[in-house]
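K.L.:
Sequence isn't available, so here's the structure alone:
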């Protein structure tokens, strides 16, 4: 295009080739503008998603701390429970190893199931309630 503009006036003819070149330049400029708009949109979206990612990472960190605290509280509850349910060792006897939190929890579950079964009314074959003490 630059070379065509530098031609002497007698050679400066607007022919179909020059018109096609100008149309192509306009199409390319339009495409560049569209791509710049899309790039701006993508950058805005990237910043938004980065911000959301940081919020989620912080939320995950807080939830991990809360879960750790909950586990420690559960261990304390189970330790307190096992201290209440086991009698103190007699002097000179072997001191058994303290049960793990999982075994204390399972024994608690078995105890609660056994208690609820023993307290539930037993039914006869005819669906009459019979209470046993």
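P.N.:
Right, received. Where do you want to start? All figures in this text were calculated on a predicted structure; none of them were measured in a lab.
K.L.:
Now for this protein, the helix or strand with the poorest mean pLDDT.
P.N.:
strand 122-123 (a mean of 48; mean pLDDT, DSSP states H and E).
K.L.:
where does the protein have low pLDDT?
P.N.:
The chain contains residues with pLDDT under 70 at 1-13, 81-133.
K.L.:
At which residues are the strands of it located?
P.N.:
122-123, 129-130 (DSSP state E).
K.L.:
Show me what the lengthiest helix in the chain is packed against.
P.N.:
What stands out as the longest helix in the chain, according to DSSP state H, is helix 16-85. Packing contacts for helix 16-85, counted by 3 or more Cβ pairs under 8 Å, 6 or more residues apart in numbering; DSSP states H and E, involve helix 101-119. The C-beta positions use only the backbone N, C-alpha and C, and glycine is treated the same way.
K.L.:
Can you give me the neighbour number for residue 48?
P.N.:
10 (other Cβ atoms under 10 Å).
K.L.:
now residue 70
P.N.:
Counted with other Cβ under 10 Å, the neighbours of residue 70 add up to 10.
K.L.:
From residue 59, how far off is it?
P.N.:
16 Å (Cβ to Cβ, to the nearest Å).
K.L.:
Kindly report the same for residue 34.
P.N.:
From residue 34 to residue 59 the distance is 37 Å (Cβ to Cβ).
K.L.:
Same question for residue 37.
P.N.:
33 Å.
K.L.:
Ok, residue 72 next?
P.N.:
Noted for residue 72: a distance of 21 Å to residue 59, by Cβ to Cβ.
K.L.:
Nice, that's everything, thank you.
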